[in-house]
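K.L.:
Just a sequence and a predicted model for now, questions to come.
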Protein chains: 2
Amino acid sequence: MAYPKFVTIFEAGARDGLQNVKDVIVPTDVRVELIDRLTDCGIPKIEAGSFVSPKWVPQMADTAEVLSRIRRGKDVVYTVLTPNMKGYQQAAENNCEEVIIFAAATESFSQANTNCSIAESLERMKPVADAALAEGRAVRGVVSVVLGCPFEGEVEAERVAEVTRELWKMGCYEVCLGDTIGTGTPVKAQKLIEAVARDVPIEKIALHFHDTYGQSLANILAGLEMGVPTIDAAVAGLGGCPYSPGATGNVATEDVVFMLNGMGIETGVDLDALVDTGWWISEKIGRRPASRVAHAIMSKRKRAA
Amino acid sequence: MAYPKFVTIFEAGARDGLQNVKDVIVPTDVRVELIDRLTDCGIPKIEAGSFVSPKWVPQMADTAEVLSRIRRGKDVVYTVLTPNMKGYQQAAENNCEEVIIFAAATESFSQANTNCSIAESLERMKPVADAALAEGRAVRGVVSVVLGCPFEGEVEAERVAEVTRELWKMGCYEVCLGDTIGTGTPVKAQKLIEAVARDVPIEKIALHFHDTYGQSLANILAGLEMGVPTIDAAVAGLGGCPYSPGATGNVATEDVVFMLNGMGIETGVDLDALVDTGWWISEKIGRRPASRVAHAIMSKRKRAA
């Protein structure tokens, strides 16, 4: 086993997280403060918003304002989701140094989520990647439903690898594997990573796991064992799953950082500050933090006081 | 990696779980029904109660009655905690084929939990083991605070191995490593198992992890990779942690079985029946199941209906 010495935390709470908290639209002030607090926690990469139609995603309608108001940390990357050229242009106007493009691993999910086939969605993404690269922006490629699809069930690793291969060929500096419905388990995660790593260097693979079935940390461990160096997570486990109403969303950043700390893997993240941030945003949205580490540490602090 | 093909689930919910649910004493009828339901789920080993002073553990005062009323499944082992000869005699009178003895891995925890040193507690356990073995009963040895102590913090693997060695020498057929406060992480878990496995064959080691910090499944995966074939868990994550009030207790059996199913490792356990059982007992005690799999599967069933 050769674990990475340093793992990059990609914090998805302010976008993927808040976008999927049911029936909640977070005020711009709060979203700005969340991102500033995450910056202060030492998080190196923060998903700050998305440029999509506010009709579809009203939660992210204020992304331009958020970007103009956040305090940009030294060496911190703020990235946004840009599903098309219109979104990309807004990202460029708002000084984003990195954009995210994405596709699904199954045709059914692609149709349900973006109303087009996988091939069509990759075609839509190509000009975004071209423009971003021409203008000196980094492009991250994300694939959804990589370890299970709400419509098709099991997903073949090879089908995912076909999509990551295309994203990699477009010039993405990293491809991120999203277990959107959280049904993945460790052996399947490793087989998937193995298939993707035939085209994409292992150090350019990131894992984005949802904790719907509580499997994320085990799956992340399985990925770390193979040398995957980048882990997506959301503070307080922000988010949810439209396919499992009431279930847990993204794996909680606190729980990931606790595990990595215990394994002697560096992240640069201040766990105590992160617990505070997760508690604060959970109160703001009227939810109980989904991070177990957050509850255990808060309980420990109370006893100490 | 050589994962075991079959993992034995040791279900701790009816004892370790219910004993540690704060402010709840479950009626005998319910405890009997819980054990019967677990039997019907295909669980091979069930911790059915303990023979300790009802003054200290009122939750388990009805263990003799529970044992007399449960329906004993074919090939299912029902085991009880017997901390001294008095407890052992009750176990023998009540037809138990297996008993549990235990010790702590740190002096502070031993004093706090059993009011004696580790050496004294092992001395107390010796006659229990001797009597059980002489009368043809199996003896399981459990060690607590193996990956962290609420009083001493980090625990050296070698100190745990000293205790497991003594339990193994007493004739225990298996030693079980208890991460009582749930602070363990995968690399530490593997170092611990490595140290214990110097004296105890790997196939005679069991893992008993608490999910206080959400680390259990990752730690279990780390153990499975080394060949550990027995996992303790509690349906619905029953239990709690006296050292982290409000925090999660035992790892949920549903979450463990889901992971093992996904990895192609057999358990003989019916996951759907287990989810029903966990939901039922959680309602009985007025708690929300701590199993993420339970919530995801219930949500899926609701959508299907």
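P.N.:
Sure thing, it's come through.

K.L.:
From here on, just use CA atoms for contacts and neighbour counts.
P.N.:
Will do.

K.L.:
Up against chain B, what does the stretch 201-305 of chain A have?
P.N.:
For the stretch 201-305 of chain A, the residues found near chain B under the criterion C-alpha under 8 Å from any C-alpha of the partner chain are A:211-215, A:217-219, A:221, A:243-248, A:255, A:258-259, A:262-263, A:291-293, A:295-296, A:299-300.

K.L.:
change it to 7 Å
P.N.:
Taking C-alpha under 7 Å from any C-alpha of the partner chain as the criterion, the stretch 201-305 of chain A approaches chain B at residues A:212-215, A:217-218, A:221, A:244-245, A:247, A:255, A:259, A:262-263, A:292-293, A:295-296, A:299-300.

K.L.:
Can you go through those and name the buried ones?
P.N.:
Burial by neighbour count, 16 or more other C-alpha atoms under 10 Å in any protein chain shown: within these this picks out A:212-215, A:217-218, A:221, A:244-245, A:247, A:255, A:259, A:262-263, A:292-293, A:295-296, A:299-300.

K.L.:
A:Glu98: what's it in contact with?
P.N.:
If a contact means C-alpha atoms under 7 Å, 6 or more residues apart in numbering or on different chains, then A:Glu98 has A:78-80, A:137-139 as its contacts.

K.L.:
Scan those and report the most crowded one.
P.N.:
When neighbours are taken as other C-alpha atoms under 10 Å in any protein chain shown, the top entry among the contacts of A:Glu98 is A:Val139 (29 neighbours).

K.L.:
Give me the contacts around the helix or strand harbouring it.
P.N.:
Using DSSP states H and E, A:Val139 falls within strand A:138-144. Around strand A:138-144, the neighbours that count as contacts under C-alpha under 7 Å, 6+ apart are A:97-105, A:129, A:132, A:167, A:172-180.

K.L.:
Any idea how many residues pack against A:Pro127?
P.N.:
Under the neighbour criterion other C-alpha under 10 Å, A:Pro127 is assigned a count of 15.

K.L.:
and if you look at A:Gly136?
P.N.:
Here the neighbour count serves as a burial measure; for A:Gly136 (other C-alpha under 10 Å) it reads 11.

K.L.:
Backbone torsions only: list them for it.
P.N.:
The phi and psi torsions at A:Gly136 (degrees, to the nearest 10) take the values phi 80, psi 20.

K.L.:
Quick one, grab the pLDDT at it.
P.N.:
The model reports A:Gly136 with a pLDDT of 97.

K.L.:
The nearest residue to it once chain neighbours are set aside: how many residues sit nearby?
P.N.:
Taking C-alpha to C-alpha, 6 or more residues apart in numbering or on different chains, and ignoring the residues beside it in sequence, A:Gly136 has A:Glu97 as its nearest neighbour in space, at 7.8 Å. When neighbours are counted by other C-alpha under 10 Å, A:Glu97 registers 17.

K.L.:
I'd say A:Glu97 and A:Arg137 touch.
P.N.:
Yes. Contact criterion C-alpha atoms under 7 Å: A:Glu97 and A:Arg137 qualify, at 5.1 Å.

K.L.:
ok, and the closest non-adjacent residue to A:Gly264?
P.N.:
Once chain neighbours are set aside, the closest to A:Gly264 by C-alpha to C-alpha, 6+ apart is A:Lys5, at 7.8 Å.

K.L.:
Would you check how far apart the one you found and chain B are?
P.N.:
Using C-alpha to the nearest C-alpha, to the nearest Å, one obtains 13 Å as the distance from A:Lys5 to chain B.

K.L.:
Now that residue, what are its backbone angles?
P.N.:
Geometry field for A:Lys5 lists phi and psi as phi -80, psi -30, criterion degrees, to the nearest 10.

K.L.:
pretty sure it contacts A:Gly268?
P.N.:
No. A:Lys5 sits out of contact with A:Gly268 when judged by C-alpha under 7 Å, with a separation of 11.5 Å.

K.L.:
Who has more neighbours out of those two?
P.N.:
Ranked by neighbour count (other C-alpha under 10 Å), A:Lys5 and A:Gly268 place A:Gly268 first, with 16 against 13.

K.L.:
Could you identify the longest helix within chain A?
P.N.:
Longest helix in chain A by number of residues (criterion: DSSP state H): helix A:118-134.

K.L.:
Next, the buried residues of that helix.
P.N.:
Neighbour-count burial for helix A:118-134 flags A:118, A:121-122, A:124-126, A:128-129, A:131-133 (criterion: 16+ other C-alpha under 10 Å).

K.L.:
contacting residues around the residue of chain A found nearest chain B?
P.N.:
Of all residues in chain A, the one sitting closest to chain B is A:Ala218 (3.9 Å; C-alpha to the nearest C-alpha). With contact set as C-alpha under 7 Å, 6+ apart, A:Ala218 has these partners: A:186, B:217-218, B:221.

K.L.:
can you list those in CSV and add pLDDT?
P.N.:
What follows is the contacts of A:Ala218, written out as CSV (pLDDT from 0 to 100):
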residue, pLDDT
A:Pro186, 98
B:Leu217, 98
B:Ala218, 98
B:Leu221, 98
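
K.L.:
Out of these, which sit inside helices?
P.N.:
Secondary-structure check on the contacts of A:Ala218 using DSSP H: residues within helices are A:186, B:217-218, B:221.

K.L.:
In this structure A:Ala64 contacts A:Asn94, no?
P.N.:
Yes. A:Ala64 lies in contact with A:Asn94 (C-alpha under 7 Å); the separation is 6.4 Å.

K.L.:
Residue ranges in chain A under the pLDDT threshold?
P.N.:
Low-confidence segments of chain A, defined by pLDDT under 70, are located at A:1, A:246.

K.L.:
quick one, strands of it?
P.N.:
Under the criterion DSSP state E, strands of chain A are mapped to A:8-11, A:45-50, A:77-81, A:98-104, A:138-144, A:174-179, A:205-209, A:230-233.

K.L.:
okay if I get those strands as a markdown table plus distance to A:Gln190?
P.N.:
Written out in a markdown table, the entries for the strands of chain A read as follows (distance: least, C-alpha to C-alpha, whole Å):
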| stretch | distance to A:Gln190 |
| --- | --- |
| strand A:8-11 | 19 |
| strand A:45-50 | 24 |
| strand A:77-81 | 27 |
| strand A:98-104 | 19 |
| strand A:138-144 | 16 |
| strand A:174-179 | 12 |
| strand A:205-209 | 11 |
| strand A:230-233 | 15 |
